[in-house]
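Engineer: Provided below for reference: sequence and predicted model.
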Number of protein chains: 4
Amino acid sequence: MTEITPELVEKAYVALVSLDREEAAKYWSEDVRFSVPGRHAQAGWHVGLDALLAFRRALTDAAGGKFEVELVTSMISGNECMDVVKVHAVRPGAPDGSTSPYDVLDADGIQVFRWENGRIVEGRAGFFGDGSTNYDQWWSPLDGNGERRYV
Amino acid sequence: MTEITPELVEKAYVALVSLDREEAAKYWSEDVRFSVPGRHAQAGWHVGLDALLAFRRALTDAAGGKFEVELVTSMISGNECMDVVKVHAVRPGAPDGSTSPYDVLDADGIQVFRWENGRIVEGRAGFFGDGSTNYDQWWSPLDGNGERRYV
Amino acid sequence: MTEITPELVEKAYVALVSLDREEAAKYWSEDVRFSVPGRHAQAGWHVGLDALLAFRRALTDAAGGKFEVELVTSMISGNECMDVVKVHAVRPGAPDGSTSPYDVLDADGIQVFRWENGRIVEGRAGFFGDGSTNYDQWWSPLDGNGERRYV
Amino acid sequence: MTEITPELVEKAYVALVSLDREEAAKYWSEDVRFSVPGRHAQAGWHVGLDALLAFRRALTDAAGGKFEVELVTSMISGNECMDVVKVHAVRPGAPDGSTSPYDVLDADGIQVFRWENGRIVEGRAGFFGDGSTNYDQWWSPLDGNGERRYV
């Protein structure tokens, strides 16, 4: 049985964020399920590596290529790992210095992953505080004035 | 100046719901702006008749062709009209008898329209109670179990 | 039958906002029902004049005595009246210039009232756009940092 | 330094749920901070053991004495511990068999705690999926029909 180490977890994240399918498939099961929090257009269970990669691509695009994740704390125990994270991202086209929750995502959350045979088979993310609302608004087509970003 | 009558208002609604652009253009300005409540993928200001028709088509599709609107009360005054309505719609594929707010929209709301030169130039819709949450959930890709309807 | 005029409607509002029970009872039925939008601690149907006055007092307190309502448009028709309004209110203790939706309510909405025998017997309020979320956050005990205003 | 063990964590939870201040003070710091997710009346950072106990009492009351927590998985690492949990609770007075999210809380979430000198000094809870909305609605005064539970 593969031991889950911080280095392995790190490699799995890097591979996913790279959007390189071949790399990602080394660490993520073809049948991986991942639950995105909230009720926006990308929320819910994404099933399969292709769906997970498509979600990650959408996330990267929505953040103008810059979805920042700061690791606050991590745990590994048996076949599971988890992180407390701070996320920060700004919608492209947002006014300079905007603090609108429709433009700027600033939230603390958590992600939990389960491994099997050296690959992640299931993951779930959630937010602390009222971060889920900020995430929904940030994902929405609305800007801070209620106008739609994409018509 | 065209007088706004209940018959004219009715014709405008029927033309829009028909999705017949030529018919709709008789009652809705080419530059019409319409505000859809909430923060789901179709929320916000839709600008122009084509955007409004695209929204209506999305709404009809999301409701499996059956977005029910019951008129509770109506007013016309000067160049404005408004309706209090009860809306009911079920996402196609919902389990029979589902009462999940992700499957079933059951909400009371209001719509207000402003007319100029015989055509509607601006409209806004809103919900009473916590209907805005129900509307967001109904529009979301989630079913009652948190699975995504479309992967 | 009492005719509903703009002057009568205005008097009813002023009487309610004054929180003078005797004055309010001239325009509001003892059995009045009023629906406050959202899902915060003051949301839902308030039943009876005392409950309505208690809600108004809570609203005034939450706004530090200054809940601003700008009338955008009004209609009267038969035994009903309605207004489109812009509301603005800031939680006492909010940092100067705060734009946090937990501190500042800035939303467009509507209120609809039904009269019987010269008094209002039912009313409902709702918001356009994503105003319902702003209203929930503004009513919540949270400040812009997620701290509780009242421990 | 006290080692954090599953038995110690269990004792801390039992002591808190018992609402026995003396017992709770053995495991929870006088200065403990705990973040309740959402934007309902009990949301946000509760600061100090008394505030935490008051929150727990409110939670127990809102659940009619029966707030069920099923432990799905747990981790302990260094001075931190975390649990993935399933929570279930029904508002007293809810109609038999109600599935309304205003009556029934059914959500998966997580809690993370940091220990210092043998006591918990900080904790945060969050939800997966759209559980944060369910939690807000369950805490709200609304029943499934939009009536207020307590007038």
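Structural biologist: All right, it came through fine.
Engineer: next one: phi and psi at residue A:22?
Structural biologist: The phi and psi torsions at residue A:22 (degrees, to the nearest 10) take the values phi -60, psi -50.
Engineer: what's the burial count for it?
Structural biologist: Residues lying near residue A:22 (other C-beta atoms under 10 Å in any protein chain shown) number 8. For every residue, glycine as well, the C-beta is placed using N, CA and C.
Engineer: which ones are touching it?
Structural biologist: Neighbouring residues of residue A:22 by C-beta atoms under 8 Å, 6 or more residues apart in numbering or on different chains: there are none.
Engineer: can you check the one 5 residues further on too?
Structural biologist: Counting by C-beta under 8 Å, 6+ apart, residue A:27 touches A:8, A:11-12, A:15-16, A:118-120.
Engineer: again, but for residue A:52
Structural biologist: A:16, A:24, A:28, A:32, A:34, A:46.
Engineer: and the two most separated of those?
Structural biologist: Farthest pair in the contacts of residue A:52 (C-beta to C-beta) is A:24 and A:46. Separation: 13.1 Å.
Engineer: residues in chain A within reach of chain B, list them.
Structural biologist: Proximity of chain A to chain B, by C-beta under 8 Å from any C-beta of the partner chain, involves residues A:35, A:39-48, A:51, A:102, A:136-137, A:140-142, A:146-148, A:151.
Engineer: got a quick ChimeraX command for the buried subset of those?
Structural biologist: If you want just the buried ones from the residues of chain A next to chain B in ChimeraX, going by 16 or more other C-beta atoms under 10 Å in any protein chain shown, the selection is:
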select /A:35,39,40,41,42,43,44,45,46,48,51,102,136,137,140,141,142,146,148
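Engineer: could you pull out the strands in chain A for me?
Structural biologist: Ranges of strands in chain A, per DSSP state E, are A:28-36, A:44-47, A:68-77, A:80-90, A:104-116, A:119-128.
Engineer: redo these as TSV? Include distance to residue B:92 and mean pLDDT.
Structural biologist: Listed next are those as TSV, based on distance: least, C-beta to C-beta, whole Å; pLDDT from 0 to 100:
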stretch	distance to residue B:92	mean pLDDT
strand A:28-36	23	98
strand A:44-47	17	97
strand A:68-77	37	94
strand A:80-90	33	97
strand A:104-116	32	98
strand A:119-128	27	98
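Engineer: can you redo those as JSON lines with distance to chain C?
Structural biologist: Shown next, in JSON lines, are the strands of chain A (distance: least, C-beta to the nearest C-beta, whole Å):
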{"stretch": "strand A:28-36", "distance to chain C": "19"}
{"stretch": "strand A:44-47", "distance to chain C": "20"}
{"stretch": "strand A:68-77", "distance to chain C": "15"}
{"stretch": "strand A:80-90", "distance to chain C": "13"}
{"stretch": "strand A:104-116", "distance to chain C": "9"}
{"stretch": "strand A:119-128", "distance to chain C": "8"}
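Engineer: returning to what we had before: which one among the contacts of residue A:27 gets closest to chain C?
Structural biologist: Chain C lies nearest to residue A:16 out of the contacts of residue A:27, by C-beta to the nearest C-beta, at 28.9 Å.
Engineer: so who does the residue lying closest to residue A:112 once chain neighbours are set aside touch?
Structural biologist: Once flanking residues are discounted, residue A:112 sits nearest to residue A:82: 4.3 Å by C-beta to C-beta, 6 or more residues apart in numbering or on different chains. Counting by C-beta under 8 Å, 6+ apart, residue A:82 makes contact with A:74-75, A:110-113, D:75, D:82, D:110.
Engineer: most neighbours of all the contacts of residue A:27, which one?
Structural biologist: residue A:120 (27 neighbours).
Engineer: who does that one bridge with?
Structural biologist: residue A:28, residue A:115 (DSSP bridges).
Engineer: touching, it and residue A:30? I think so.
Structural biologist: No: in this structure residue A:120 lies outside contact range of residue A:30 using C-beta atoms under 8 Å: 11.2 Å.
Engineer: got the residues of chain A near chain D?
Structural biologist: A:35, A:37-39, A:43-44, A:73-77, A:80, A:82, A:84, A:108-110, A:112, A:124-133.
Engineer: what subset of those residues is buried?
Structural biologist: A:35, A:37-39, A:43-44, A:73-76, A:80, A:82, A:84, A:108-110, A:112, A:124-133.
Engineer: circling back to that earlier point, in CSV: the contacts of residue A:27, plus distance to residue C:62.
Structural biologist: Formatted as CSV, these follow (distance: C-beta to C-beta, whole Å):
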residue, distance to residue C:62
A:8, 51
A:11, 50
A:12, 47
A:15, 49
A:16, 44
A:118, 54
A:119, 51
A:120, 46
